[in-house]
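**Student:** quick one: sequence plus predicted model below, questions after.
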Amino acid sequence: MKRPPNVGLRRWLSAAVAVLLTGCALVASSTAPAAATPAAARAAASGVGATVPFTSFEGEAGTLAGGATVVSLTSPPTTQYSSAAVEASGHAYVQLTGTGQSVQWTNTTGAPISAVNLRESIPDSATGGGTTATLDLYVDGTFRQALNLNSRQSWFYESSSDYNGSSQNPADGNPRQYFDESHTFITGAPIAPGSTLTLQKDAANTAAFYYIDVIDVEKPPAPIAQPANSLSITDCGAVADDTPTNGSADSGAVDSTAAIQNCINQAQTQKKVLWIPAGTFYLKGTAGLSAQGITIAGAGVWYSTIYRDVPLPNNVGLAALFDLTSCVVQDFHLDSDATSRATVDGGGGAMDTSGSNWVANDIWSQHVESGFWASGTGGTVENSRLTAIWADGINLNNVSLNNSVGSNLTATNNFVRSTGDDGMAINSVNYNTDANGNKTYYTPMSHITMTHNTVIAPWGGKGIGIYGGSNQDVEYNYIADTARYIGLGAGRFGVNGNDLLTATVNGNVIVRSGGNGYSQGQPALQIGNGGDGQNVGVVDHVTATNNTVVNALYDGIGFSTSTNTLLQNNTVTAPWRNGIVIAPPFYPAPTGSAAITGNTVTGLGSGMSPFLNNSSGFTATASGNSWQGGSPEGPYGGSAAAVPGVVQAENYDTGGQGVGYDVTSVNGTANGYRSDGVDLETTTDTGGGYDLGWTTGGQWFRYTVSVATAGTYTVGMRVAAPGAVTDALHLSDAAGTNLSGNIDTPATGGWQNWGTVTSQVTLPAGQQVLTVNEDNGGWNVNSLQFAAAGSVSTNLAAGRPTAESSQTDVYASSNVTDGNQNSYWESTNNVFPQWVQVDLGSSQSVSRVVLQLPATWGARDQTLSLLGSTDGSTFTTVQPSADYTFTPSADNTVTITFPATSQRYWRVGITANTGWPAGQISEFQIWNQ
């Protein structure tokens, strides 16, 4: 839904929004995955989505303890109603329901963490209106602080007679809008790299449940100093109130509205910058602030806040917090006590903007009706954060502040999460009608650019909506986890919207999108005029190229009535329904035309089609697509391999060269197993069967898998190699994202001498395609065993490369990872300290080290310390120096346990040995639990 211009009370366009939701299949599990980089961050690293100053750790990627479980969406929603899983990022979350349950992450950011932002849910009150509770934060296992949480600004209820509304009465039906976001600084010292942070439900934490979706961690820079030639709002009488709001206003706060407006007026007259210092400054009542042609700057989004306190219930029309004409705004935070987008609940916009060459940079908006409602010419929204927004995040239009123009506007490098309507929209309005039936017409929008933005988990609208105009450009955005609606739509908005005449939609990644609002099962990417309940108007010359659609909840790409569309070189992977569909349900296409060329559809479920044209009047010219002329990709044997479970290397997907695999030469001796037994040979590894060999840099093999539960999995790869290979391979998803990091293979001694190398990957639930990428040749692989991280105890050091401070004779450090207790490393005699080291290839969570000497040796004490490093140069102490006794009665084995920590390089330091004047170790085992 879109907001019309300010005419009396803000009213919403009456066109029914065909948004979607879910009555979803949920799975509760007790998996215990470890922290991992989320897909959005990986996409940004590859040039798609926003580059942000924080790192997001998904709940389902944390390490669980005490009986905590993951809940995830595992099949398409079957009703129009919502669930916490379908509204969660990653379509999964962790639930803490009992005392002692927890989720933990390791600080793998490489920098200290001094502030966190948590997206979570706690219960509503029995009659609505919300509750408050705390949740305890631990650092390295030690209690650090209680986080203040609330549900005052979440929880709506709906039924078929009141669907998609804002009722806050639990008696009114099915719940939705589960999650809110709250942020705070860490008390005490920042959380160091390699340290752990844990959220735990203790006896003092009284909420019946805590749903943990995602935690953003960062180290905000110091507050920005007041700039030269500026007026501080405190000089005009504004008064800060820093009592935490926690979902509602401080009744004792001073109203600074008049003081700030007075300061704005002075800044305009004196041509100065308006300065908002650190602190929370209240606007009480329904009035907003208005400025023209000035710069408004703050000390940073973590320090300077303008907070709107509207007495509720409210029956007066609300201006935005800021009405801005040709202004520059930067470096501050906006918030309010609104409990929905409705006027009665205090729903008002954050910034209504127009004019020319305006800029909004590094603004963080929360709990407002819309983040940016902006028109004019030459304006830019950039580097901004919009989280927990009641309606649209960023709406670029031609009607804001009674303007009639929207051209050459840009939104770039913004992060948008949890919006009650579209995350971002290009909203070209043709006309609006007043109460007397009079129409006001507007100039069609043109040359609007949305690039490199991240939009996650809109619970009441599209990820990005293109509604009319010409020469619109939407490229390299990351869109994920829509709850009710389309991920990215190119069309027109209703009967009073402009036709869409030209648009470029290129290079976007759309993940786990679509939804079942109004029981419509809508596609992840949609092109045509059938949106928002109105199948009217022209949609012409949309060019959609190089987009990636992964794990669509229903169809991957859908067409309604549209002409001259070019759909080229797009990839649709593992949709839960069909690949590309003309006239899918509720999106009629009685006429239209499109060239559909060079597209790839893979990972289809049983009975689903890569391409369907359900319209006799829509002309689709299809050529060079994956489903034409060759075999389609599919799981070998017809069924996706189960995860957790074993994926056999020989069971790569069907489809042949360029589809199921890509090789530079055809080798192998196993055509008796499968007719295209490329690079396969009989293996002597345990269990027999076939292995995959003839590895060569640049080759790849694809595998369709079905993941039972979203989370982080340890992958144990059975490999054989005469010599060690650096950066041998990596695992990627359908979007090409490197999931595992670069994996080295150790020297196992021969092509059929087998060992296990491990890595970790974070996977969403459901069917998807994984690729084994051969980055450098010289190794064989027999199988990949996926296990929930922490559920299988694994010696991560087996076969891994080693180093040492020194060695005597033939007693090299490589002996400590060869699996043979009788071979050993020995340092130079009569010189201490000494050390021996193992490189795991990537940082992995470890909680136990086992050291051995040959079982036949006599007893001795060694003085040992245990150190870890993420880069191989800077080491931190994991266990301080102490005496450890090796005795034949205990198999000359010493076990060292400690709180789980994530390191790549592990080193044992030795300063004394009562049995021999040197350091000695035969086996250095490093265990994940």
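**Tutor:** It's in. Residues are numbered from 1 along each chain as shown.
**Student:** looks to me like residue 207 is in a helix.
**Tutor:** No. Applying DSSP: H, G, I helix; E, B strand; the rest coil, one finds residue 207 to be coil, outside a helix.
**Student:** burial measure for residue 874, as a count.
**Tutor:** 10 (other Cβ atoms under 10 Å). All C-beta atoms are positioned from the backbone trio N, CA, C, and that covers glycine.
**Student:** I meant to write residue 435 there.
**Tutor:** 8.
**Student:** one more: residue 553?
**Tutor:** Quick note: residue 553 (other Cβ under 10 Å) scores 31 neighbours.
**Student:** before we move on, what about residue 873?
**Tutor:** That count, for residue 873 with other Cβ under 10 Å as the rule, works out to 7.
**Student:** helix or strand for it, which one?
**Tutor:** Counting by DSSP states H and E, there is no helix or strand that carries residue 873.
**Student:** spit out the contact partners of it.
**Tutor:** Listed by Cβ atoms under 8 Å, 6 or more residues apart in numbering, residue 873 has no contact partners.
**Student:** report pLDDT for it.
**Tutor:** In this prediction, residue 873 carries a pLDDT score of 91.
**Student:** and it, backbone torsions?
**Tutor:** phi -120, psi -40 (degrees, to the nearest 10).
**Student:** can you offset everything so residue one is 15?
**Tutor:** Noted, 15 is the first residue going forward, which turns the last one into residue 887.
**Student:** quick one: it and residue 600, what's the gap?
**Tutor:** 58 Å (Cβ to Cβ, to the nearest Å).
**Student:** do the same with residue 577
**Tutor:** Taken as Cβ to Cβ, the span from residue 577 to residue 600 is 20 Å.
**Student:** likewise for residue 65?
**Tutor:** Applying Cβ to Cβ to residue 65 and residue 600 gives a distance of 37 Å.
**Student:** looking at the two, which is more packed in?
**Tutor:** Set residue 65 next to residue 600 and count neighbours by other Cβ under 10 Å: residue 600 wins out with 18 against 13.
**Student:** ok so the more buried one is a strand residue?
**Tutor:** No. Residue 600 is assigned coil when assessed by three-state DSSP, not a strand.
**Student:** as a check, name the ranges of all helices in this structure.
**Tutor:** Listed in chain order, the helices of the chain (DSSP state H) span 53-59, 98-101, 271-284.
**Student:** how about the strands of the stretch 565-714 of the chain, start to end?
**Tutor:** Shown for the stretch 565-714 of the chain, the strands assigned by DSSP state E, counting those that start in this stretch span residues 571-573, 576-582, 585-587, 594-596, 606-611, 614-616, 625-627, 632-637, 655-657, 659-662, 675-676, 694-696, 704-706, 713-721.
**Student:** could you export these as TSV, including mean pLDDT and distance to residue 864?
**Tutor:** Output for those, formatted as TSV (pLDDT from 0 to 100; distance: least, Cβ to Cβ, whole Å):
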stretch	mean pLDDT	distance to residue 864
strand 571-573	97	52
strand 576-582	97	56
strand 585-587	96	41
strand 594-596	97	53
strand 606-611	96	58
strand 614-616	94	43
strand 625-627	95	55
strand 632-637	93	59
strand 655-657	92	28
strand 659-662	92	26
strand 675-676	90	39
strand 694-696	94	35
strand 704-706	95	29
strand 713-721	93	31
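**Student:** out of the ones you listed, which comes closest to residue 112?
**Tutor:** Closest of those to residue 112 is strand 713-721, at 26.2 Å (criterion: Cβ to Cβ).
**Student:** gap between residue 942 and residue 730?
**Tutor:** From residue 942 to residue 730 the distance is 11 Å (Cβ to Cβ).
**Student:** low-confidence ranges in the stretch 465-614 of the chain?
**Tutor:** Within the stretch 465-614 of the chain, the stretches with pLDDT under 70 are 545-548.
**Student:** now do 80
**Tutor:** Counting by pLDDT under 80, the stretch 465-614 of the chain has low-confidence residues at 544-548.
**Student:** repeat for the stretch 15-164 of the chain
**Tutor:** 15-60.
**Student:** if we use 50, what do you get?
**Tutor:** 15-51 (pLDDT under 50).
**Student:** so which of the strands of the stretch 565-714 of the chain comes closest to residue 468?
**Tutor:** When the strands of the stretch 565-714 of the chain are compared (using Cβ to Cβ), the closest one is strand 585-587, at 19.4 Å.
**Student:** for the closest residue to residue 273 other than its chain neighbours, what are its contacts?
**Tutor:** In space, and not counting its chain neighbours, residue 273 is closest to residue 251: 3.7 Å by Cβ to Cβ, 6 or more residues apart in numbering. Residue 251 sits next to 270, 272-273, 276 when contact means Cβ under 8 Å, 6+ apart.
**Student:** likewise residue 106?
**Tutor:** By Cβ under 8 Å, 6+ apart, the neighbours of residue 106 are 72-74, 84-87, 99, 723-725, 778-779.
**Student:** between these, which is closest to residue 862?
**Tutor:** residue 725 (21.5 Å).
**Student:** mind listing residues that contact stretch 745-753?
**Tutor:** 53, 56-57, 60, 523, 525, 562, 564, 585, 587-588, 616-617, 729, 744, 754, 757, 773, 775-777, 782-787.
**Student:** quick one: buried residues of that stretch?
**Tutor:** 745-749, 751-753 (16 or more other Cβ atoms under 10 Å).
**Student:** and what of stretch 99-114?
**Tutor:** 99-110.
**Student:** for that stretch, how far is the first residue from the last?
**Tutor:** 23 Å (Cα to Cα, to the nearest Å).
**Student:** can you check stretch 514-530 too?
**Tutor:** 25 Å.
**Student:** just to revisit the earlier point, in strands only, show me the contacts of residue 106.
**Tutor:** 72, 84-87, 725 (DSSP state E).
**Student:** ranking those by neighbours, who comes first?
**Tutor:** Busiest of the ones in strands among the contacts of residue 106 [other Cβ under 10 Å] is residue 725, holding 34 neighbours.
**Student:** and which of the ones in strands among the contacts of residue 106 is nearest residue 309?
**Tutor:** Nearest member of the ones in strands among the contacts of residue 106 to residue 309, counting by Cβ to Cβ, is residue 72, at 37.3 Å.
**Student:** deepest-packed of the helices of the chain, please.
**Tutor:** Mean neighbour count (mean count of other Cβ atoms under 10 Å) peaks for helix 98-101 among the helices of the chain, with a mean of 27.
**Student:** list of residues touching it?
**Tutor:** 35-36, 38, 40, 85-87, 91, 105-107, 135, 190-193, 225, 471, 473, 497, 529.
**Student:** among those residues, which lie within strands?
**Tutor:** 40, 85-87, 106-107, 135, 190, 225.
**Student:** quick check, nearest of those residues to residue 339?
**Tutor:** residue 190 (36.5 Å).
**Student:** would you list the ones in strands among the contacts of residue 106 in CSV and tack on distance to residue 404?
**Tutor:** Shown next, in CSV, are the ones in strands among the contacts of residue 106 (distance: Cβ to Cβ, whole Å):
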residue, distance to residue 404
72, 24
84, 29
85, 25
86, 26
87, 24
725, 31
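**Student:** returning to that earlier point: out of the buried residues of stretch 99-114, give me the two with the largest separation.
**Tutor:** 100 and 110 (19.8 Å).
**Student:** got the contact list for residue 783?
**Tutor:** Residue 783 touches 587-588, 616-617, 647, 667, 716-719, 747-748, counting by Cβ under 8 Å, 6+ apart.
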